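> when you get a sec, could you give me coordinates for this:
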Amino acid sequence: MSAQGRTVAVLGPTNTGKTHYAIERMLGYRTGIIGLPLRLLAREVYDRIVRARGPNVVALITGEERIVPDRAQYWVCTVEAMPAGMGADFVAIDEIQLCADPERGHVFTDRLLHARGTHETLFMGAATMRRPILALVPEVEFLSRERMSQLSYTGPKKISRMKPRSAIVGFSVDGVYAIAELIRRQRGGAAVVMGALSPRTRNAQVEMYQSGEVDFLVATDAIGMGLNLDIDHVAFSSLSKFDGRRMRELAPNELAQIAGRAGRGMSDGTFGVTGEARDLPPDMAEAIVDNAFTPIRKLQWRNTDLTFGRLDHLIHSLEQKPQNEWFAKAREADDLMALKALSEEAETRARASDAQSVRLLWDVCRIPDFRGISHAEHADLLGQVFHFLHEKGHISEDWFAAKVKRIDKTNGDIDTLSKRLAFIRTWTYVAQRKGWLQDAEHWRGETRAVEDRLSDALHGALTQRFVDRRTSVLLRRLKQKEALVAEVNDKGEVTVEGHVVGRLEGFRFAADKSGGNQEAKTLKQVSQQALAPHFNLRADRFYNAPDTEIDFTEQGGLMWGEHAVGKLVAGAEPLKPAVQAFVDEEAGEDVVQKVTRRLQHFIDRKVATLFEPLLNMSRDEELGAMPRGFAFRLVENLGVIRRDEVAAEVKDLDQDARGQLRKHGVRFGQFTIFMPLLLKPAPTRLRLVLWSLGKGLDVFPEAPPPGLVTVPAPKDAEPGVDAMSGYRTAGERAIRIDMLERLADLLRAENSRSGFEANPDMLSITGMTLEQFSELMQGLGYKAEKGEREKVRAVAETSTAEAAQAATEAVAEEPAEADAQVTEEVSAEQSAETPAETTEPAEDTGPEMEVFYTFTWGGFGGGQRGPRRGGGQQRREGGERPRGKGQGKLKGKGGKPRREGGKPQGARRFESKPPKKDKPIDPDNPFAAALMGLKDKD
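Down below sits the predicted model:
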């Protein structure tokens, strides 16, 4: 669209008539295009313009609808479906603040930058967009509009006391249905409006509300985008929503967008909270009333200048980063995720081999995932569509007809009908694409007819469920004090007179929270009567359930399948935790005891299995007094204890005592005394839970992911959590206990007094870079001195002949076959190293430098034992010396041996001892003659 004419930004809160102003301005020109944020709103504006100018000059284009008369002058579209390059006199974009939306913002940003009318361009939205519009559209004029009525905050109010002509807003389908069900029971019924509804269903539901058939509207945040309804009060049942990635709190400006639907024209409106929503802070409520919000600082952006030569180039162009400071790179959208998934398929890559096929694939990937299925399933469907289009030029009508036929069914409940509507939206979208189907007009009509039938069926199902002219059967019988019939199905759902009133979760009844106080009391009483026999049956099944159906959580909970049935509590001993069952009082003491016994059996067996080595050691009656006392310390510490905490006890243990403990798998490391078998993931997970119980922690630490040698050191954690996790904190990271001891074995072979450097084995054990290793060593008590030196280059200094001679001498005593092999290797090496022709020596660019660290022992100052004096001569536990390279000997210059103190020793002579004299045979020995005979024989 050409950038000509006047550009105006009409900014202000809701109920200022911005959309009405844009429609009036557009109808003042010969041609115009208006982009709207929702399909529902587009349909509403389309109907309004049709009433004003007739259907022959008004077009409607959305992803699933395309009504384009031959003499179309005014085009009503969703923002994504706005046609480009039409050169209309007038262009308008509504809700321009959606430029900051994480999902769709990049589309609105593109329209802000490029959509222009030849005579006039209008951007309508919130005042928070003033600064970015001014920065990106310098020629813009601003027009501020004030709200036509007052908006005020009324605070919390129960749903049962909500005044008529109120809208209750939820942010999930389940939440909307629960609220609508409650209003049906207490107030006669409610209309339901959600963004996922088709325009036909939505209009039918709204008509019930507008006509006064029902006095309440239950809706999602879809009503916040320009839908004009007669609403006096808006109540939020929740202040958080799932945005497609995570649950998050709604921002004040988002709440204001919805709350502003209260009050229409000159009628004042109110807003508040209800249900589980907390009371709004005074400053937030005041900001919504005054429409005072933080200006938008970043707009979502995605590159629109795409390269279609190759798949890789297209993906690269879509992932380009913005250069303007006002833009933030948009999150990876569904279309890009689908493109990446399909690009990994060999057949698709083979088909998308030129610019035309790549462009076709990108068009296919832009089919929205209306169904809300997994990315893999959606990509698979898109792949089938692309293969049809690439191979035949159109989609197989038999295949397409089968897909549509499967959906064309009007039976089922609300959820089933809603899913079918979502599915038909996909095929309606495909049918709207030009050239994708041979008989496109037929299939556009067919998919539209299926959507209409499903829409009518869904409207009927919603009305039947949530609208009742009479008081519900349940409430009527409660008022008449008639006996109610309650049942429990195999899923644990509790129903009273056919209405679900709660669920049995494990051994606790969770009542439906949508009921009123009086109703809830009666329902609970009736439900407990129905649950009494069911509690006993379920307890019997639980008692006989295998251990595989029960598990503990990292927070000490005890689960039976997906239901919490108890929790662990601290016992008299570390390895004997107790349990607390979650059972309703109404279930009876027998059920409580049975569940408790089963849980205790489970955790006792779990402890016995995972801590078997530790328990076996504690029960060994052959242990002496000293090792038995030390074993008790290990049991107290669940099989892992820092050596500096028991330095005195370890010193008192002689080799025999240590040997008795080693037979049970105890390892006496330099830093930790532990049992390696207990460092496995399963024992570690349970050890953390038992340790947390003993400490009385409110939040239990979680075990690190298995298989990692080092992990970030836990911040602000309870002292000792690293050891219980099987790690030792050293600086910013923690290293696994067993790998630390392997590292300690290598360190004992080094001279920590005069200094040493890290060798490849040390770096390999820790999996660290040299820089990271130096930080680890400092955390272990060493000093690290950083230095820089010239890097030694590997240059051959001997001639080829000398190399061959040296190789021959090196294998002079080897068999002939070895000589031949070495000769061949030397010849091959000569061939590889001899250049084909003499070249000029490369220009000397200076010596290449490398960084190194020299480590010396610095000491902990807290009793931790470091390397013994003499560096490499410290003995291992048990008496053996470290078996490192060179047997741990230290050498000075020239390779001369050093004493432990570091000074060169004098020359030494080594000679064999004289032969040992044989012990004379005792002549009185009865076997003397035989022994003399054997000796003579030898």
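
> going forward, measure contacts between C-alpha atoms and count neighbours the same way
Noted.

> residue contacts, Phe466?
By Cα atoms under 8 Å, 6 or more residues apart in numbering, the contact list for Phe466 reads Ala180, Glu181, Ile183, Arg184, Gly189, Ala190, Ala191.

> in strands, which of those fall?
Judged by DSSP state E, these include Ala191 as members of strands.

> so of the contacts of Phe466, which ones are in helices?
Among those, the members found in helices (DSSP state H) are Ala180, Glu181, Ile183, Arg184.

> I figured the second one was touching Leu462, is that so?
Translated: Glu181. No: using Cα atoms under 8 Å, Glu181 is not in contact with Leu462; the gap is 10.1 Å.

> could I get the full set of helices for the stretch 501-650 of the chain?
Using DSSP state H, counting those that start in this stretch, the helices of the stretch 501-650 of the chain run over 517-543, 589-610, 612-618, 625-636, 647-652.

> and the third one, C-alpha only, in PDB?
Once side chains and other backbone atoms are set aside, the C-alpha atoms of helix 612-618 remain, and they are given as PDB (Å, rounded to 0.1, in the frame of the first residue of the first chain):
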ATOM      1  CA  GLU A 612      20.400 -51.900  51.600                       C
ATOM      2  CA  PRO A 613      24.200 -51.500  51.900                       C
ATOM      3  CA  LEU A 614      23.800 -49.000  54.800                       C
ATOM      4  CA  LEU A 615      21.300 -51.100  56.600                       C
ATOM      5  CA  ASN A 616      23.400 -54.300  56.200                       C
ATOM      6  CA  MET A 617      26.400 -52.500  57.700                       C
ATOM      7  CA  SER A 618      24.400 -51.200  60.700                       C
END
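
> what is the least confident helix or strand in the protein?
Within the chain, no helix or strand scores below helix 816-833, which has a mean of 38 by mean pLDDT, DSSP states H and E.

> which strands or helices does the next helix or strand after it pack on?
The helix or strand immediately downstream of helix 816-833 is strand 849-857, counting by DSSP states H and E. Counting contacts by 3 or more Cα pairs under 8 Å, 6 or more residues apart in numbering; DSSP states H and E, strand 849-857 packs against helix 770-779, strand 782-790.

> how far does the longest one sit from the chain's center?
The reference is to helix 770-779. How far helix 770-779 lies from its chain's middle: 31 Å, per Cα atoms, centre = their mean, to the nearest Å.

> ok, and for that helix, which residues are buried?
Buried residues in helix 770-779, counted by 16 or more other Cα atoms under 10 Å: Leu770, Phe773, Ser774, Glu775, Leu776, Met777, Gln778, Gly779.

> I'd like to know how far Ala539 sits from Val488.
Distance of Ala539 to Val488, computed by Cα to Cα, to the nearest Å: 15 Å.

> of these two, which one has the most company?
Neighbour tally, Ala539 and Val488, criterion other Cα atoms under 10 Å: the higher count belongs to Ala539, 21 against 18.

> how about the more buried one, what does it touch?
Going by Cα under 8 Å, 6+ apart, Ala539 touches Val591, Lys594, Val595.

> Lys340: what's it in contact with?
Contacts of Lys340 (Cα under 8 Å, 6+ apart): Ile315.

> listing partners with orientation, what would you give for the top strand by length along the chain?
Criterion DSSP E: the longest strand present in the chain is strand 563-573. Strand pairing for strand 563-573, determined by DSSP bridges: strand 557-560 (antiparallel), strand 576-581 (antiparallel).

> okay, those in JSON lines with mean pLDDT, mean neighbour count and distance to Arg448 next?
What follows is those, written out as JSON lines (pLDDT from 0 to 100; neighbours: other Cα atoms under 10 Å; distance: least, Cα to Cα, whole Å):
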{"stretch": "strand 557-560", "mean pLDDT": "94", "mean neighbour count": "20", "distance to Arg448": "47"}
{"stretch": "strand 576-581", "mean pLDDT": "94", "mean neighbour count": "19", "distance to Arg448": "56"}
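
> what residues of stretch 44-58 count as buried?
Glu44, Val45, Tyr46, Asp47, Ile49, Pro55, Val57, Val58.

> what mean pLDDT does it get?
For stretch 44-58, mean pLDDT is 94.

> next: stretch 709-729.
Rounded mean pLDDT across stretch 709-729 is 89.

> and the end-to-end length of it?
12 Å.

> tell me which residues in that stretch are buried?
709-711, 713-714, 721-729.

> pull the most distant pair out of those residues.
Val709 and Val721 (16.4 Å; Cα to Cα).

> measure Ala191 to Lys419 for me?
Distance from Ala191 to Lys419, by Cα to Cα: 19 Å.

> quick one, which of these two is more surrounded?
Ala191 (28 against 16).

> what residues does the more buried one make contact with?
Shown in contact with Ala191 (Cα under 8 Å, 6+ apart): Ala180, Gln205, Val206, Met208, Tyr209, Val214, Phe216, Leu217, Val218, Thr463, Phe466, Val467.

> quickly note the distance from it to Ser198.
Ala191 sits 14 Å away from Ser198, going by Cα to Cα.

> just Asp745 next, same as before
For Asp745, the distance to Ser198 - Cα to Cα - is 71 Å.

> list phi and psi for Gly767.
phi 70, psi 30 (degrees, to the nearest 10).

> sec struct for Ala461, please.
Here Ala461 is helix, with the state taken from DSSP: H, G, I helix; E, B strand; the rest coil.

> retrieve the pLDDT associated with the nearest residue to it once chain neighbours are set aside.
Sequence neighbours aside, Ile414 is the residue nearest to Ala461 in space, at 6.0 Å (criterion: Cα to Cα, 6 or more residues apart in numbering). If you check Ile414, the pLDDT there is 88.

> who's in contact with Ile414?
Leu458, Ala461, Leu462.

> find the nearest non-adjacent residue to the last one, please.
Same thing as Leu462. Once flanking residues are discounted, Leu462 sits nearest to Ile414: 6.8 Å by Cα to Cα, 6+ apart.

> any idea how far the one you found is from Leu197?
With distances taken as Cα to Cα, Ile414 is found 11 Å from Leu197.

> same thing with Val721?
Using Cα to Cα, Val721 is found at 52 Å from Leu197.

> how about the strands in the stretch 51-200 of the chain?
58-61, 66-67, 74-78, 90-93, 120-125, 141-144, 151-156, 166-169, 191-193 (DSSP state E, counting those that start in this stretch).

> and of those, who's closest to Asp335?
Per Cα to Cα, nearest to Asp335 of the strands of the stretch 51-200 of the chain: strand 74-78, 17.6 Å.

> hey, C-alpha coordinates of the closest one in PDB?
Extracted C-alpha coordinates of strand 74-78, given in PDB (Å, rounded to 0.1, in the frame of the first residue of the first chain):
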ATOM      1  CA  TYR A  74     -15.600  -1.700   1.500                       C
ATOM      2  CA  TRP A  75     -13.500  -4.500   2.800                       C
ATOM      3  CA  VAL A  76     -13.900  -5.700   6.400                       C
ATOM      4  CA  CYS A  77     -11.100  -8.100   7.400                       C
ATOM      5  CA  THR A  78      -9.200  -9.600  10.200                       C
END
